[in-house]
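Peer 1: fold the following, please.
(2 chains)
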Amino acid sequence: MILPLQQAVRAALRDTLTTLYGADAVPAALVVDIPPSRALGDLALPCAFELARTLRKAPRAIAQEIVAALPPIDGVRRVEAVAGGYINVFLDRAAFLRARLGRPAVHPLDATRPKTIVEHTAINPNKAAHIGHLRNAALGDTVGRLLRFLGTPVEIQNYIDDTGVQVADVVVGFERIDGRSVDAVRALAAAPRFDYLCWDLYARVTDWYEADKSRLVTRAETLHAIEHGGNRTAEMAAVIADAIVRCHLRTMARLHIDYDLLSWEGDILRLQFWDTAFDILERNGTVYLQTEGKLKGCWVMEIDEDVDLTGGSGAAVRVDPLDQEAAPEQREKVIVRSDGTVTYVGKDIANQFWKFGLLGKDFAYRAFGTRLTGETLWATTSTGGRSDHPPFGRAGTVINVIDTRQAYLQKLLKQALATMGHRREAEHSIHFSYEMVALSHKTARELGYAAAPDGRPFVEVSGRKGLGVKADDLIDRLIAKAREEVSRRNPDLPTAAAQEVADAIAVAALRYFMVKFSRTKVIVFDIDEALSFEGESGPYLQYAAVRAGNIFGKLREREQLDEAAIAGLLDALSDDALHDGEDGDALWDLVLTCGRLDEAVDIAVRTLEPAVLAKYGFALAQSFNGFYHRFPILSEERRDVRLWRAAAASYFRQQMIQALDLVGATVPGRM
RNA sequence: GCGCCCGUAGCUCAGCUGGAUAGAGCGUUGGCCUCCGAAGCCAAAGGUCGCAAGUUCGACUCUUGCCGGGCGCACCA
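Peer 2: Numbering: from 1, shown residues only, chains lettered A, B, ... in the order given. Below is the predicted model of the structure:
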């Protein structure tokens, strides 16, 4: 926890600057940086450079004035102005560690804050999950964990598109190509790997359409039947969707990902959420019937190109009506097709309205399964339902984790809210977008896919073609490889224990890999790279924590000291070990790095960039590994030095366990 | 054509609201296991930060324009 300390320094600085130069001269944002080395200090304040302009004085002189006027700050040892004009702050090292060791960095839940809904995963329930879906789920789950870390109430939703084209296609496959009955499909669905079976079937359906385009009529018919309900086709679709969703949940559970609520698109239709939303939109004029042109007979929404909705935080502002004449062609998006069916956008608008509690209606809820925590996993339903469900929806902020290719649609959602006068909700409608996962040519070849020679550096994952690495296959390979390593390094480890360790390593490797890149970067997935347990990887982080853990195992044996006892001894201990100098600086550097976890989380949440946390975790592990090699703990003769080093290692372990938990990974006992 | 994203070391990427010598992983080369576990550590080599202007005391970071690449712009989602 270093944020409160930063705030205290910032507040003191602000007061001092106000006193010295007047409120007007104080910069709006006071930057707190990190000096390049501990010898230079722990926090750096570059404000003198900024003030130099308005005050027309040398930065160095200003810095000196400020330092002289700065009051004592709790937790700060001294403040000094250095050469160029930086003001460097030195923290009270021993007090810092004493105050934090053994105290969790997690903020307690603040139930008074508005809820944030995070929707992620949302895989079409018609085939197995693949690596692209894993990026979505890993990012979404981590965002949820980061928000919870900061004490924000969070509700994780998984949207199930059970009435869409993709499910319809698999139904077409079973009904028209394979000639199977509902009961036959039900039997298949009960067997393991039904999601794999559908994966292949879906690819066959694509080929089937491809061979004769007129067959696409069956898709439309099937989709209609599913939307209409009350027939065998719809029943089959329901059987498929239910079974596939359960497959997806099992896959995600392997990666420690789960949900508060599954929201089913079918319920949005059956409960006529769309009709309600439509009434609102039509009355308001946001959606209107197009009477001419190629969209004749469709209910459409104007696409307002000038609404700035890209940043996620930008205010939605309608353009001056006068300027609209300048726009050569007003574009429209179909919300209700001429045949009366609702597009995805329409359903999603209704869903988004519901998430904010703006619809005036609610779902009924049923128990769908059991969560990883042992609690009930809830799902929406249209009829009946239970009354003992927790409250869902009514969020203050909605974060939709959806890949960047759907930015356009998400923009429309926001626009609909803004146009309806729900400015606040529009601003709190966040499209958490991320780039796609593609395959390296090498990996595509390994999967037996001969890449078309289009000269592109990667091969796009394609569910329709059945091209992609299935999530479960990848997890299996990771576990097998980890298992091999674990057994090689720990031949004495019993099978069950070795398996458990291998699982933990595989999860950490995969989840770390999925969040270590910025959202905006295309991941060109290479199986060998993802399988790596070295360098900047999840297992590297785990390994550092395991090493630290081993030290405490030995300390317990030799000195009957556990981590709590070590923390308890610090108060009475001389803090020479932390004093300025090469060794003290190195020890302190580790402690300070450990302390920055909350800062990393804060930045990750502010920028909606989980990679920040991943990078922090890596830097933290590096910091410990470097320390580990330079400074022995068990064999250190001076008791006070030994204990301070042990305390730092303990603090490191505490923070690393927390950091790994934020990406959904655990620390095994050995590895 | 319009919109969004990317362009930093051989490869893959960090670089937060402009600030102290542009960092890391992989790969390459060379060291380190009688010493808390080598899934590790240390060191070396490797960069006109796509290009060009502009703003600034100061630009990888902000603005504009270009160049290169990706993705969108369906009565699919």
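Peer 1: could I get the contacting residues of residue A:559?
Peer 2: By Cβ atoms under 8 Å, 6 or more residues apart in numbering, residue A:559 lies in contact with nothing. For glycine as for every other residue, the C-beta is placed from the backbone atoms N, C-alpha and C.
Peer 1: roughly how far apart are it and residue A:571?
Peer 2: Distance, residue A:559 to residue A:571, by Cβ to Cβ, to the nearest Å: 18 Å.
Peer 1: try residue A:218
Peer 2: Distance from residue A:218 to residue A:571, by Cβ to Cβ: 76 Å.
Peer 1: compare these two (neighbour count), which wins?
Peer 2: Taking neighbours as other Cβ atoms under 10 Å, residue A:218 and residue A:571 compare with residue A:218 leading, 19 against 8.
Peer 1: next up, phi/psi of the more buried one, please.
Peer 2: phi -60, psi -30 (degrees, to the nearest 10).
Peer 1: repeat for residue A:152
Peer 2: Taking degrees, to the nearest 10 as the convention, residue A:152 sits at phi -80, psi 130.
Peer 1: residue A:256 contacts residue A:372, doesn't it?
Peer 2: Yes. Contact criterion Cβ atoms under 8 Å: residue A:256 and residue A:372 qualify, at 6.6 Å.
Peer 1: the two - which one has more neighbours?
Peer 2: Taking neighbours as other Cβ under 10 Å, residue A:256 and residue A:372 compare with residue A:256 leading, 18 against 13.
Peer 1: in the stretch 201-350 of chain A, which spans are helices?
Peer 2: Along the stretch 201-350 of chain A, counting by DSSP state H, counting those that start in this stretch, helices occupy A:216-228, A:232-254, A:265-270, A:273-284, A:344-355.
Peer 1: next one: the stretch 551-671 of chain A
Peer 2: Here the stretch 551-671 of chain A has its helices, by DSSP H, counting those that start in this stretch, at A:563-569, A:582-595, A:597-606, A:611-630, A:639-662.
Peer 1: name the residue of the stretch 101-250 of chain A that lies nearest to RNA strand B.
Peer 2: Using Cβ to the nearest atom of the strand, residue A:165 is the residue of the stretch 101-250 of chain A that sits closest to RNA strand B, at 3.7 Å.
Peer 1: gap between the closest residue in space to that residue that isn't next to it in sequence and residue A:548?
Peer 2: With sequence-adjacent residues excluded and distances taken as Cβ to Cβ, 6 or more residues apart in numbering, residue A:165 is closest to residue A:223, at 6.1 Å. Using Cβ to Cβ, we find residue A:223 at a distance of 56 Å from residue A:548.
Peer 1: more neighbours: which of these two?
Peer 2: A count of neighbours by other Cβ under 10 Å puts residue A:548 above the other of residue A:223 and residue A:548, at 27 against 21.
Peer 1: list the contacts for that one?
Peer 2: Counting by Cβ under 8 Å, 6+ apart, residue A:548 touches A:624, A:628, A:649, A:650, A:652, A:653, A:656.
Peer 1: and for the fifth one, the neighbour number?
Peer 2: Around residue A:652 there are 24 other residues, counting by other Cβ under 10 Å.
Peer 1: could you do the last one as well?
Peer 2: The number of residues packed near residue A:656 is 24, by other Cβ under 10 Å.
Peer 1: quick one: it and residue A:622 touch, right?
Peer 2: No. Between residue A:656 and residue A:622 there is no contact under Cβ under 8 Å: 11.4 Å.
Peer 1: lowest-pLDDT helix or strand in chain A?
Peer 2: For chain A, counting by mean pLDDT, DSSP states H and E, helix A:441-446 ranks last in confidence among helices and strands (a mean of 82).
Peer 1: just checking, what packs against that helix?
Peer 2: On a contact count with 3 or more Cβ pairs under 8 Å, 6 or more residues apart in numbering; DSSP states H and E, helix A:441-446 meets helix A:527-530.
Peer 1: next one: the helix it packs on to chain centre, how far?
Peer 2: Relative to its parent chain, helix A:527-530 has a centroid offset of 21 Å by Cα atoms, centre = their mean, to the nearest Å.
Peer 1: pLDDT on that helix, on average?
Peer 2: Averaged across helix A:527-530, the pLDDT comes to 86.
Peer 1: helices or strands up against it?
Peer 2: If you count contacts as 3+ Cβ pairs under 8 Å, 6+ apart, helix A:527-530 packs onto helix A:441-446, helix A:471-489, helix A:495-515.
Peer 1: can you name the residue of the stretch 351-500 of chain A nearest to RNA strand B?
Peer 2: As assessed by Cβ to the nearest atom of the strand, RNA strand B sits closest to residue A:489 within the stretch 351-500 of chain A, at 3.5 Å.
Peer 1: from residue A:491, how far out is the spatially closest residue to that residue that is not a sequence neighbour?
Peer 2: Spatial nearest neighbour of residue A:489, excluding adjacent residues (Cβ to Cβ, 6+ apart): residue A:671 at 7.5 Å. Counting by Cβ to Cβ, the gap from residue A:671 to residue A:491 is 14 Å.
Peer 1: show me which residues of the stretch 551-671 of chain A are close to RNA strand B?
Peer 2: By the rule Cβ under 7 Å from any atom of the strand, the part of the stretch 551-671 of chain A lying against RNA strand B is A:551, A:554, A:603, A:606-607, A:609, A:611-612, A:615, A:618, A:622, A:625-626, A:628-629, A:631-635, A:670-671.
Peer 1: now, of the residues you listed, which are buried?
Peer 2: Neighbour counting with 16 or more other Cβ atoms under 10 Å marks A:551, A:609, A:611, A:612, A:615, A:618, A:628, A:631, A:633, A:671 as buried within these.
Peer 1: let's have these in CSV, adding pLDDT.
Peer 2: Formatted as CSV, those follow (pLDDT from 0 to 100):
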residue, pLDDT
A:551, 96
A:609, 96
A:611, 97
A:612, 97
A:615, 97
A:618, 97
A:628, 96
A:631, 95
A:633, 96
A:671, 93
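Peer 1: what's the most distant pair in these?
Peer 2: Across these, no pair lies farther apart than A:609 and A:633, at 34.9 Å, counting by Cβ to Cβ.
Peer 1: okay, and the closest residue to residue A:470 other than its chain neighbours sits in which element?
Peer 2: Nearest residue to residue A:470 in three dimensions, chain neighbours excluded: residue A:128, at 4.8 Å (Cβ to Cβ, 6+ apart). For residue A:128, there is no enclosing helix or strand under DSSP states H and E.
Peer 1: contact partners for residue A:128?
Peer 2: Counting by Cβ under 8 Å, 6+ apart, the residues that residue A:128 touches are A:195, A:196, A:198, A:199, A:247, A:251, A:470, A:471, A:472.
Peer 1: residue A:595: how many residues sit nearby?
Peer 2: 22.
Peer 1: list the contacts of the residue lying closest to it once chain neighbours are set aside.
Peer 2: Leaving aside its sequence neighbours, residue A:595 sits nearest to residue A:2 (Cβ to Cβ, 6+ apart; 4.5 Å). Applying Cβ under 8 Å, 6+ apart to residue A:2 gives the contacts A:592, A:595, A:596, A:598, A:599.
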